[in-house]
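Asker: Turn this into a structure:
(2 chains)
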Amino acid sequence: MKRKVLLKELAFARSGDKGDVSNIGIMAKSKNIYEFLVNTITPEKVKNHFKGMVKGDVKIYPMQNIESLEIVLHQALGGGATCTLRFDQTGKSMCTALLRMELEVDEDLIKEAEEVSKNILKKYGS
Amino acid sequence: MKKVSIGSGSGFWGDMLEPAIEMAERSDVRYMGFDHLAELTMAILNRMKMKNPESGYIPDIIPWMRQLLPITVPKGIKIITNAGGANPIQAAIETQKIIKEMKLGEMKIGVVFGDDILPYIDEIRNQGWKFKNLDTEEEDIDRIRDRIVAANAYIGADLIIEELKNGANIIITGRVSDNALYVGPLMYEFGWKYSEEYIDQIAAAITVGHIIECSACVTGGMSNMWRVSKRPWEIGFPIAEVYENGEAVITKTPNSGGIVNQWTVKEHLLYEVIDPSNYVMPDGIADFTSVKLIEEGPNRVRVTNMKGKKRPDTLKVCIGYRDGFIGEGLIFFPWPDALEKARWAEKWVRERIKRLGVNFDELRIDYVGVNMLHGESAPIDDKDFNEIGLRIAGKTRTWQEAEAIRREVTHLWTMGPIGASFGIPLNVRPVIALWPSLVPREAVKVESNIMEVKE
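Answerer: Next comes the predicted model:
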């Protein structure tokens, strides 16, 4: 059984800048989710998701060791922090924009992600 | 096995002082690194120095040294800071004064400078180096040469190590890479050299430096863990306990707030990295794709298996040049019909700018509360919002044109739809654009010396 969920349910994200490059780190909530994301999130999908905000190439570097993806968006911050007209000059919110990406996901993986989120609250929250 | 603890006391100019003081008081760190320089900072500091030759360093260094040195000196904690900015020598003189005035005893201040290549950039060009733009791939700086206001190389840890060997208690530098503030003391303590034998150890130092160099950003700040961060208003800064074999444990100030776990370390390992298998620093190249993270206890993450490659023959250089102006305005519209009012106002401003004949390179319209952050990727709900802000920003060649755009938005206060609210008007700001490039390592005339403080 598959259903549509947002990337937000499956991963954490953090973004920053280097000049006009926006980089988005996507941290999968589990090993299985990482395998799914590596095979599902493509540079084309990411570029289309940002609807014209990213003018250059998108590259994805898989990091199996930490079950994460480093997604690098070129010409993505309106010229870079010191000259962009964007309010978010350093692209700190770019990661959350990507978390809106809609994916068709196996029910099992969705449950796995829910478990990880619950465990994080239980383990660190008390 | 020998272990050295090193902490981060500042991640940027404007960081909080309290966590640095608490780290000095409560922890057993031998070194504290203080980074204050971002890409634009050197251009700002250069401008300050042009106005007053005795400025050009990060002014925070004065109150910070006053509060930190009485704690760090008796404990033997060494401070390594790039707060020298565009004038490390003056920053050292000011620090010297504080040490004398507070009667902190005999001390040696190591000063590292020479990262500023602007005085001899044309000499380097005359030898055939063109300073190709790494972002745009434009081949030559010719087009922007007469607008350059800063050109600083990101220098490595070589001279930090040198001055530690000379017995420095404090090291003040110019545009040393943030990372080198941590690599330097680790290489010095463990006797790691820039040779084949120590490549992986240096990569480990680079990785550890990268993880802790932005202070609170690995201890629960800027984090997905915000819900589970403990007493975040008392957040602790990060400490790395580094072992001779290159392994390290990332933790934070004892009894501080915040959180360190596998997720906060992952967040920072991924942060502002382009190719994670080639994280290029002046002291070496680290491969973040081999690193292993193990949560070994509350607020303790072990980092192992760091690998790397030898340091590059070139250094990164950040060239800043004047590139026009930005004028912007902000106004808020309340329910009912807030979004419709904002759209009305957008049209009004566009028409006004057209009538005035103001030229601009780019004009940007944001609806605050709808798409200011997520831009074109944000869906717009068709609902009656409580309030919507309108932000208009224009980039122009002249100050006058930027001012005209800013001013037109303020006219909406009295000429716009009912309920329009406004705060304090914003100022026009000059734009310093950045031209990232490389420079041959041997072309950069780095220097260092010791400034002694005698009783």
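
Asker: mind listing what's buried in stretch B:136-144?
Answerer: Across stretch B:136-144, burial judged by 16 or more other C-beta atoms under 10 Å in any protein chain shown covers B:138, B:141, B:144. All C-beta atoms are positioned from the backbone trio N, CA, C, and that covers glycine.

Asker: Correct me if wrong: the first one contacts B:F131.
Answerer: No - when contacts are counted by C-beta atoms under 8 Å, B:E138 is not listed as touching B:F131 (9.5 Å).

Asker: quick revisit: would you mind giving the buried residues of stretch B:136-144 as JSON lines with secondary structure, pLDDT and distance to B:F190 added?
Answerer: Below are the buried residues of stretch B:136-144 laid out as JSON lines (DSSP: H, G, I helix; E, B strand; the rest coil; pLDDT from 0 to 100; distance: C-beta to C-beta, whole Å):
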{"residue": "B:E138", "secondary structure": "coil", "pLDDT": "94", "distance to B:F190": "42"}
{"residue": "B:I141", "secondary structure": "helix", "pLDDT": "96", "distance to B:F190": "39"}
{"residue": "B:I144", "secondary structure": "helix", "pLDDT": "97", "distance to B:F190": "42"}
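
Asker: Would you mind giving those residues as JSON lines with distance to chain A added?
Answerer: Shown next, in JSON lines, are these (distance: C-beta to the nearest C-beta, whole Å):
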{"residue": "B:E138", "distance to chain A": "13"}
{"residue": "B:I141", "distance to chain A": "15"}
{"residue": "B:I144", "distance to chain A": "13"}
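
Asker: Check the residue lying closest to B:K130 once chain neighbours are set aside and give its pLDDT.
Answerer: Nearest non-adjacent residue to B:K130, counting by C-beta to C-beta, 6 or more residues apart in numbering or on different chains: B:D140, 4.5 Å away. As predicted, B:D140 sits at a pLDDT of 95.

Asker: residues in contact with B:D140?
Answerer: Residues in contact with B:D140 (C-beta atoms under 8 Å, 6 or more residues apart in numbering or on different chains) are B:130-132.

Asker: List the contacts of B:G375.
Answerer: Contact partners of B:G375, counting by C-beta under 8 Å, 6+ apart, are A:50-51, A:53, A:86, A:97, B:366.

Asker: Are any of these buried, and if so which?
Answerer: Buried by 16+ other C-beta under 10 Å: A:50, A:53, A:86, A:97, B:366, out of the contacts of B:G375.

Asker: Confirm the last one sits in a strand?
Answerer: In other words, B:D366. Yes - assignment of B:D366 by DSSP: H, G, I helix; E, B strand; the rest coil places it within a strand.

Asker: I'd like to know how many residues surround the residue nearest to B:E247 when sequence neighbours are not counted.
Answerer: The shortest distance from B:E247 to any non-neighbouring residue, by C-beta to C-beta, 6+ apart, is to B:T304 (4.9 Å). Using other C-beta atoms under 10 Å in any protein chain shown, B:T304 is surrounded by 16 other residues.

Asker: Contacts only, for B:T304.
Answerer: Counted by C-beta under 8 Å, 6+ apart, B:T304 has contacts B:247, B:291-292, B:294.

Asker: returning to what we had before: buried among the contacts of B:D140? Make that a ChimeraX selection.
Answerer: Of those, the buried ones go into a single ChimeraX selection, burial set by 16+ other C-beta under 10 Å:
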select /B:131
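
Asker: For chain A, which helix extends over the most residues?
Answerer: Looking across chain A with DSSP state H, the single longest helix is helix A:107-125.

Asker: Which neighbouring elements make contact with it?
Answerer: Secondary-structure packing of helix A:107-125 (3 or more C-beta pairs under 8 Å, 6 or more residues apart in numbering or on different chains; DSSP states H and E): strand A:2-6, helix A:31-40.
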